[in-house]
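Participant: sequence and predicted structure are below.
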Amino acid sequence: MNETLLRELIPAVTGVLVRRGVDFATAEDAVQEALIRALATWPQDPPGDPRGWLIIVAWRKFLDATRAQAARAAREARVEAEPPPGPTESTDDTLRLYFLCAHPLLTPASAVALTLRAVGGLTTRQIADAYLVPETTMAQRISRAKRLISDVRFEETGDLATVLRVLYLVFNEGYSGELDLAEEAIRLTRQLASMTADEEAAGLLALMLLHHARRSARTTPSGALVPLAEQDRTVWDRELIAEGVTILQTALARDRLGEYQAQAAIAALHADARSAGETDWVQIVEWYDELLRLNDNPVIRLNRAVAVGEADGSRAGLAALDQVGRKTPRRTAAEAYLRERTGERALAARLYADAARAATSVAERDHLTRQAARLQELTGS
Amino acid sequence: MAKYLLLKHYRGGPTPVVDFGSMDRWTPAEVDAHIKYMHDFAATLAGTGEFVDGQAVSPEGTFVRYDGEGRPPVTDGPFAETKDLIAGWMVIDVDSYERAVELTGELSAAPGPGGKPIYEWIELRPFLSKPPTFTE
């Protein structure tokens, strides 16, 4: 059974139920139950018409739930066994689901969970496993999210920026347990980009493809981080890079620059360089300047300072770093890197050790600790 | 989302604000109320989709270490004088550090003697996670 094909059917099936007059929260629950049933029975008993099967089973689940509720609430309630006539579905339903699940009323984490379930076609258990929380916790997060948006009309056009933010967060989670969230994010962003002409949707897709292309080079088999400059560029996925660059160029040509396109442009410049030494740092700094114009924040300033260090020398990089707030995450690691380049090895070693203590991930902590140890050995202190 | 560990200590940490005495000196009803508060807190967090795990541990612990090839591990303790003693933990998964502090503050307000909050110091520690993809 191809689980991805099954997942792709889920939003359309939810759309069908909503078109039949079922409210989104109830429809989504019924489709989730049908999905769980499909995962259990399709391997032995694949349906001839998967989509039709899902609609019938989801509709029955809805009727069962409604009957149970009606029986509890008022015994006299009668439920129609046949779907009411009227519009059955619209091709825009899936796009509406993206908007609804990433509604600004929701916190990022609940928008992520709801999007993965209702648009991504994942089960609550799969999402809970990926985010390392109990299934009951994830189920509550999702039902709370649905309650928060219960007054939002399905037809309401949402905010594409929040949708893109949610997909960005899913991609950033990477590989977790059985589920490849990066690939799920790419699948969902690809689908989104096919439904809208928005340049930033294309920019985000390009950004994901360009980063994903480098994935196998980013860590050693034991999970240690490999910095960009030391990565084996022969294992970068050239097909993904070519696709990402094409999508980016088409978007940039429309001259409506946004943050994702600018970030993708930087990723494309890295992808273009055959070796770290051939990286066009001057252009990368220019793109960071564009990013600062779009959204001035300390993280971009920090990355810009590192790029300045490569383009104009470490001292220029340190001067740029002076403009970055002391509390910016990874600032100490960046300073350590630049200090080593200016020959201040002992200071760099201390800064790396400080950065390791402030690291937020095990892989980063271990990487920074190794850097500190390497410099300690070199300086003999 | 980020995961945080909330550590309850039998001993250790800053000086208690209120000396509420050892729990075995409380009335049974006060002990029950304290425990119920912890359970209700965990249940509320499960309901908000922020609960991951919670356990209490015995104060009676043993230190264990390797003692060379082919030899059984060496055990030592328990040590009555150990300065820092963990009583239990809760793991939460929340949107922000601010939310983690808010929840820890709530847990610290668990009732003690007379049903009054015990102002317990609770240690809040972030978990190290996986590295994000977009930082290199």
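Facilitator: In hand now; what should we look at?

Participant: what about the residue of chain B found nearest chain A, neighbour count?
Facilitator: Residue of chain B nearest chain A, by CB to the nearest CB: residue B:49 (2.7 Å). Quick note: C-beta positions are derived from backbone N, CA and C, even for glycine. Other residues within reach of residue B:49, judged by other CB atoms under 10 Å in any protein chain shown, total 25.

Participant: ok, now the one 4 residues further on?
Facilitator: For residue B:53, the tally of surrounding residues (other CB under 10 Å) stands at 15.

Participant: that one belongs to a strand?
Facilitator: Yes: the assignment for residue B:53 by DSSP: H, G, I helix; E, B strand; the rest coil puts it in a strand.

Participant: just checking, it touches residue B:127?
Facilitator: No: the pair residue B:53 / residue B:127 is not scored as a contact, 11.3 Å apart, by CB atoms under 8 Å.

Participant: what sits in contact with each of the two?
Facilitator: residue B:91 (CB atoms under 8 Å, 6 or more residues apart in numbering or on different chains).

Participant: now residue 20: phi and psi?
Facilitator: You didn't pick a chain, so chain A it is. Residue A:20 adopts backbone torsions of phi -80, psi 0, taken as degrees, to the nearest 10.

Participant: that's the wrong chain, I meant chain B
Facilitator: Residue torsions, per degrees, to the nearest 10, at residue B:20 are phi -100, psi 10.

Participant: now for the nearest residue to it once chain neighbours are set aside: which residues touch it?
Facilitator: For residue B:20, ignoring the flanking residues on the chain, the nearest one in space by CB to CB, 6 or more residues apart in numbering or on different chains is residue B:112 at 4.1 Å. Under the criterion of CB under 8 Å, 6+ apart, the contact partners of residue B:112 comprise B:18, B:20, B:26, B:30, B:34, B:118.

Participant: same question for residue A:117.
Facilitator: For residue A:117, the contact set (CB under 8 Å, 6+ apart) comprises A:28, A:32, A:123, A:124, A:127, A:142.

Participant: highest neighbour count among these?
Facilitator: For the contacts of residue A:117, neighbours tallied by other CB under 10 Å; top is residue A:28, 27 neighbours.

Participant: for that residue, helix, strand, or coil?
Facilitator: Classified using three-state DSSP, residue A:28 is helix.

Participant: any idea how far residue A:115 is from it?
Facilitator: Counting by CB to CB, to the nearest Å, the gap from residue A:28 to residue A:115 is 11 Å.

Participant: likewise residue A:324?
Facilitator: With the distance defined as CB to CB, residue A:324 ends up 33 Å from residue A:115.

Participant: between the two, which one's more packed in?
Facilitator: More crowded of residue A:324 and residue A:115, by other CB under 10 Å: residue A:115, with 27 against 20.

Participant: quick one on the thing from earlier: now the contacts of residue A:117 in TSV, with distance to chain B and pLDDT?
Facilitator: Formatted as TSV, the contacts of residue A:117 follow (distance: CB to the nearest CB, whole Å; pLDDT from 0 to 100):
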residue	distance to chain B	pLDDT
A:28	16	97
A:32	16	97
A:123	16	97
A:124	11	97
A:127	11	95
A:142	8	97
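
Participant: output the residues you listed as JSON lines; include the columns secondary structure.
Facilitator: JSON lines is the format used below for those (three-state DSSP):
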{"residue": "A:28", "secondary structure": "helix"}
{"residue": "A:32", "secondary structure": "helix"}
{"residue": "A:123", "secondary structure": "coil"}
{"residue": "A:124", "secondary structure": "helix"}
{"residue": "A:127", "secondary structure": "helix"}
{"residue": "A:142", "secondary structure": "helix"}
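
Participant: and the closest residue to residue A:314 other than its chain neighbours, how far from chain B?
Facilitator: Leaving aside its sequence neighbours, residue A:314 sits nearest to residue A:341 (CB to CB, 6+ apart; 3.8 Å). Distance, residue A:341 to chain B, using CB to the nearest CB, to the nearest Å: 17 Å.

Participant: got the residues of chain A near chain B?
Facilitator: Residues of chain A lying near chain B by CB under 8 Å from any CB of the partner chain: A:107-110, A:112-113, A:131-134, A:136-138, A:140-142, A:144, A:168, A:171-174, A:176, A:182, A:211, A:215, A:218, A:225, A:227-228, A:263, A:330, A:359-365.
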